[in-house]
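Colleague: how would this look folded up:
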Amino acid sequence: MTVETKLPYDQEYISQFSQNHKEPEWMKSLRLQALEKAAALPMPKPDKTNITNWNFSNFKHEAAGEPIQSLDELPQEIKVFLDLENTEQNLVIQRNHSVAYASLSPKLKEQGVILTDIYTAMAEHGELVQRYYMKDAVGVDENRMTALHAALMNGGVFVYVPKNVTVEEPLQSIFWQEDAEAASFNHVIVVAEANSSLTYVENYISHNQEEETVANIVTEVIAHDNAKVSFGAVDNFAEGTTAYINRRGVAYRDAVIDWALGQMNDGNTVSENITHLIGDNSVSNAKTVTVGRGKQSQNFTAKIVNHGLQSDGYILQHGVMKDSATSVFNGIGKIEHGASKSNAEQESRVLMLSKDARGDANPILLIDEDDVTAGHAASVGRVDPLQLYYLMSRGISKQEAERLVIHGFLAPVVTQIPIKAVREQLTEVIERKVY
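Modeller: Okay, the predicted model is just below:
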């Protein structure tokens, strides 16, 4: 049996969709070529995870969302992600596949910073978008899912920070799947030019517990020489969403890309977070936490490839599994030939809260250079009874002691989320999923 990905979308549909969004000719051509390639390309093959019966074809491709005039109009479930006391919000809210709200401070606009939806970016900054769209980080023809993403892209944002500009306040996007059947083929591009820095945080939220749909998301982060990008995300798709999430980074000389990802989906999920350290002295820290529950199956791959001299990659993955959830954590450090004096470190740990939960931590080091350092650590187990005993001996109940141990286990990533409201919401999601 093969995964069913036959779609009711042909070249005529794609051409009309592109025309309706007033896209440039290069994007229309890219879409049509991608659709043509998709059928012949293989599906991704996540290690130790059978995706044969996962839903990748049942979804609604277009769903409009109403705009809002003020953040006060948002429901509480969206407000919790925002710092409402901040009068200057650098924010894009996508409601289904429409922009509901967009704001960027006048100061950042004057400095040439761009934070806008992907369609506006193509209209107003077409050459920039074309320069980076599925070029350096993710290729259209990597597999059937990347090709389908390129053909059916229906939302996303474009972030650009010019040379020598430091953005102090976080830039934020919220992707709000209000229509239970709406699919998310979002494309996010974050570009930091030389000697610039920024923090970007995104949130995905849906409530389709029973209705089936798909999230096929691609993110490309490009950090040029001596640039720094801090990327935070909280993914919270409901049980009905099958998610394929591909986040990639490319770091040039002396550049830094830091990832802090809270993967809190309730549906089946494949997530890849891959960073290429192209330049000498480039650095990436990739940190991920997840909580699995119910019968969901998840596969997470964090990979850092060292190409440049003295480049430094560190992977940290912590997961908590309950009920009969299963998760595979692949941590891959690869040092290419010629990347001497580089470092690849990784740590993957899984905490299981029930007898039917399953976790698999796979540390992988691929070293093609002699003069390097590398190391890995991996563990799968249950809550340490000695930790519980220590806390309970001080008058704390068993449930509260277990709660404190779990939060401490996930804290190395949760604390790295740069927006306080998002950090607090991630903590609340963890509480809800665990208890």
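
Colleague: go through this structure and flag its longest helix.
Modeller: Of all segments of type helix in the chain, defined using DSSP state H, the longest is helix 398-414.

Colleague: any stretches of this structure with poor pLDDT?
Modeller: Low-confidence segments of the chain, defined by pLDDT under 70, are located at 1-7, 87.

Colleague: so which residues of it form helices?
Modeller: If DSSP H is used as the criterion, the helices of the chain fall at 11-20, 25-38, 76-79, 106-110, 118-124, 126-132, 144-152, 385-392, 398-414, 420-434.

Colleague: buried residues, the longest helix of the chain. List them.
Modeller: The neighbour-count criterion (16 or more other Cβ atoms under 10 Å) identifies 401-403, 405-406, 409-410, 413-414 as the buried residues of helix 398-414. The way it works is simple: take the backbone N, C-alpha and C, and place the C-beta from them, glycine included.

Colleague: same check on stretch 97-116?
Modeller: The neighbour-count check on stretch 97-116 (16+ other Cβ under 10 Å) flags 97-102, 104-105, 108, 113-116 as buried.

Colleague: ends of that stretch, how far apart?
Modeller: Across its full length, stretch 97-116 reaches 14 Å end to end, with Cα to Cα, to the nearest Å as the criterion.

Colleague: that older thread, and the longest helix of the chain, what does it pack against?
Modeller: Using 3 or more Cβ pairs under 8 Å, 6 or more residues apart in numbering; DSSP states H and E as the contact criterion, the elements in contact with helix 398-414 are strand 256-263, strand 283-292, strand 312-321, strand 343-352, helix 385-392, helix 420-434.

Colleague: got the contact list for the last one?
Modeller: Contacting residues not belonging to helix 420-434 are listed as 80-83, 172, 201, 203, 232, 234, 236, 262, 264, 266, 289, 291, 293, 320, 322, 353, 403, 406-407, 410, 414-415, 417 [Cβ atoms under 8 Å, 6 or more residues apart in numbering].

Colleague: only whichever of the residues you listed are buried, select them in PyMOL.
Modeller: Isolation of the buried members of the contacts of helix 420-434 (16+ other Cβ under 10 Å) is achieved in PyMOL through the command below:
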select buried, resi 80+81+82+172+201+203+232+234+236+262+264+266+289+291+293+320+322+353+403+406+410+414+417
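
Colleague: can you list the residues that contact stretch 60-77?
Modeller: Residues contacting stretch 60-77 (Cβ under 8 Å, 6+ apart): 9, 17, 79, 82, 84, 89, 93-101, 152, 154, 176, 178-179, 181-183, 185, 205, 213.

Colleague: now which of those would you call buried?
Modeller: With neighbours counted using 16+ other Cβ under 10 Å, the contacts of stretch 60-77 contain these buried positions: 17, 82, 89, 93-101, 152, 154, 176, 178-179, 181-183, 185, 205, 213.

Colleague: ranges for the strands of the stretch 201-350 of the chain?
Modeller: Under the criterion DSSP state E, counting those that start in this stretch, the stretch 201-350 of the chain contains strands at 213-223, 228-236, 241-251, 256-263, 269-277, 283-292, 297-306, 312-321, 326-335, 343-352.

Colleague: tabulate those (CSV), appending distance to T427.
Modeller: Listed next are the strands of the stretch 201-350 of the chain as CSV, based on distance: least, Cβ to Cβ, whole Å:
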stretch, distance to T427
strand 213-223, 23
strand 228-236, 10
strand 241-251, 21
strand 256-263, 9
strand 269-277, 20
strand 283-292, 11
strand 297-306, 20
strand 312-321, 13
strand 326-335, 20
strand 343-352, 16
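
Colleague: go through these and name the closest to V165.
Modeller: Go through these one by one with Cβ to Cβ and the one that ends up closest to V165 is strand 228-236, at 11.7 Å.

Colleague: roughly how far does the residue positioned nearest the centre of the chain sit from S340?
Modeller: Taking Cα atoms, centre = their mean as the criterion, R247 is the residue nearest the geometric centre of the chain, at 5.2 Å. R247 sits 28 Å away from S340 when distances are taken as Cβ to Cβ, to the nearest Å.

Colleague: A182 too?
Modeller: Spatial separation of A182 from S340 under the definition Cβ to Cβ is 49 Å.

Colleague: ends of stretch 137-147, what's the gap?
Modeller: 14 Å.

Colleague: returning to what we had before: of all the helices and strands packed on helix 398-414, which one is nearest N53?
Modeller: Closest approach to N53 among the helices and strands packed on helix 398-414 is made by strand 283-292 (18.0 Å; Cβ to Cβ).

Colleague: partners of that closest one, with directions?
Modeller: Strand partners for strand 283-292, identified by DSSP bridges, are recorded as strand 256-263 (parallel), strand 312-321 (parallel).

Colleague: which one of the helices of the chain lies nearest to G313?
Modeller: For these, the distance to G313 is smallest for helix 398-414, at 16.3 Å, taking Cβ to Cβ.

Colleague: who touches that closest one?
Modeller: Contacts of helix 398-414 with the rest of the structure, by Cβ under 8 Å, 6+ apart, involve 260-262, 287-289, 291, 316, 318, 320, 349, 351, 353, 383-384, 387-388, 391-392, 396, 423, 426-427, 430-431, 434-435.

Colleague: flag every buried residue along stretch 203-220.
Modeller: 203-208, 211-220.

Colleague: whoops, stretch 309-325 was the one
Modeller: Along stretch 309-325, these residues count as buried under the neighbour rule (16+ other Cβ under 10 Å): 309-322, 324-325.

Colleague: chain center to it: distance?
Modeller: On the basis of Cα atoms, centre = their mean, to the nearest Å, the separation between the geometric centre of stretch 309-325 and that of its chain is 14 Å.

Colleague: any idea how far E369 is from A302?
Modeller: 21 Å.

Colleague: now Y9
Modeller: For Y9, the distance to A302 (Cβ to Cβ) stands at 32 Å.

Colleague: then F329?
Modeller: If you measure F329 against A302 using Cβ to Cβ, the figure is 8 Å.

Colleague: and for the two, which residues touch both?
Modeller: Residues touching both F329 and A302 (Cβ under 8 Å, 6+ apart) are Q317.
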